[in-house]
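Visitor: starting from these lines, generate the structure:
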Amino acid sequence: MSEIALSVEGLDLYYGDAQALSGVSLDVPASGVTAIVGANGAGKSSLIRTIAGIERPRAGRITWRGREIQGRPSHEICNLGIGQVAEGRQIFPTMSVLENLEVGGHLPRARRAKAETLAEVLTLFPRLAERRGQAAGSLSGGEQQMLAIGRCLMGRPELIMFDEPSLGLSPALVLEMFRIIERLNRERDLTVILVEQNVAASLELAERAYVLETGRIVTSGSGRELMTDERVRAAYLGV
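Guide: Predicted coordinates:
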């Protein structure tokens with residue numbers, strides 16, 4: 001069995017009186033891809049935001065490399081090696097591509113290797129290298145998503161959480177985005193949590209997968225197992 005890099009146990013999250021997550025527990029294998037699938041409003045983004053330290057849980061534990069991190073501020077969690085590519089990309093549109101990337105390299109863990117990491121990112125994404133002086137807001141949707149990933153990589157994460165990375169992209173760019181995620185996992189040994197509307201592609205890529213419904217984990221297994229689960233096929237794969 002793979003080493004567990006991140007573990008979530010009994011996580012409860014509320015927005016005011018409304019409960020967004022209820023008793024959520026899951027394990028994320030090191031160097032693997034873990035998919036979290038579910039309908040809109042199921043709590044997927046809330047889970048990502050809680051792991052990232054943006055939301056504070058009311059109950060439960062989040063353990064990263066044996067260290068409890070729930071409730072810590074987001075900048076501390078980033079500096080422990082957990083990066084996030086947020087839904088909607090959230091780049092700085094008036095800043096240049098290069099300036100956006102440099103922002104990602106300001107974490108203490110990343111500063112010493114900033115120049116080396118920048119060279120790696122621009123090699124991984126040649127289109128960003130071509131447009132390094134261009135305003136980020138003028139990039140295409142696919143290029144903006146590459147920039148969001150590149151900015152995350154500048155922080156030298158060990159785990160990246162992708163929140164709807166293919167949202168708003170053309171079918172061809174969706175395929176490219178999944179190839180990029182697979183390559184980061186395979187070639188750079190990055191642990192990946194993938195929240196994605198494209199359930200079939202997510203499960204095909206995932207070593208481990210969880211189905212989240214109305215804030216609760218309702219089933220889990222390998223990606224291949226869930227691809228053949230009749231409930232999952234009916235609810236999310238249109239079969």
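Visitor: any regions of the protein where pLDDT drops low?
Guide: Within the chain, the stretches with pLDDT under 70 are 1, 239.
Visitor: got the domain ranges for it?
Guide: What automatic domain parsing lists as the domains of the chain is 1-81+160-167+191-239, 84-157.
Visitor: can you add distance to Arg183 and mean neighbour count and give those domains back as JSON lines?
Guide: For the C-beta atoms, the positions are set from N, CA and C on the backbone; glycine is no exception. Compiled in JSON lines, the domains of the chain are given as follows (distance: least, CB to CB, whole Å; neighbours: other CB atoms under 10 Å):
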{"stretch": "domain 1-81+160-167+191-239", "distance to Arg183": "11", "mean neighbour count": "18"}
{"stretch": "domain 84-157", "distance to Arg183": "8", "mean neighbour count": "18"}
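Visitor: could I get those as TSV with distance to Arg179?
Guide: Compiled in TSV, these are given as follows (distance: least, CB to CB, whole Å):
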stretch	distance to Arg179
domain 1-81+160-167+191-239	10
domain 84-157	12
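Visitor: of these, which is nearest Met177?
Guide: Ranking these by their distance to Met177 (criterion: CB to CB) puts domain 1-81+160-167+191-239 first, at 5.1 Å.
Visitor: next one: that closest one to chain centre, how far?
Guide: 9 Å (CA atoms, centre = their mean, to the nearest Å).
Visitor: need the strands for the chain, in chain order.
Guide: Per DSSP state E, the chain has strands spanning 4-15, 18-29, 33-37, 59-64, 67-68, 82-85, 159-163, 191-195, 208-213, 216-221. These are given in chain order.
Visitor: can you tell me what sits against the fifth one?
Guide: When you say that, I think you mean strand 67-68. Contacts to strand 67-68, defined as CB atoms under 8 Å, 6 or more residues apart in numbering, come from residues 61-62, 80.
Visitor: same thing but 10 Å
Guide: Contact with strand 67-68 is made by 7, 9, 61-62, 80, as judged by CB atoms under 10 Å, 6 or more residues apart in numbering.
Visitor: quick one: Val121 from Glu102, how far?
Guide: Val121 sits 11 Å away from Glu102 when distances are taken as CB to CB, to the nearest Å.
Visitor: list residues touching both of those two?
Guide: 151, 154.
Visitor: return the angle between stretch directions for the longest helix along the chain and strand 159-163.
Guide: With DSSP state H setting the assignment, residue counts place helix 171-188 as the longest helix in the chain. Calculated by axes from the mean of the first three to the mean of the last three CA atoms, to 10 degrees, helix 171-188 forms an angle of 170 degrees with strand 159-163.
Visitor: which parts of helix 171-188 are buried?
Guide: Neighbour-count burial for helix 171-188, with 16 or more other CB atoms under 10 Å as criterion, is recorded at 173-174, 176-178, 180-181, 184-185.
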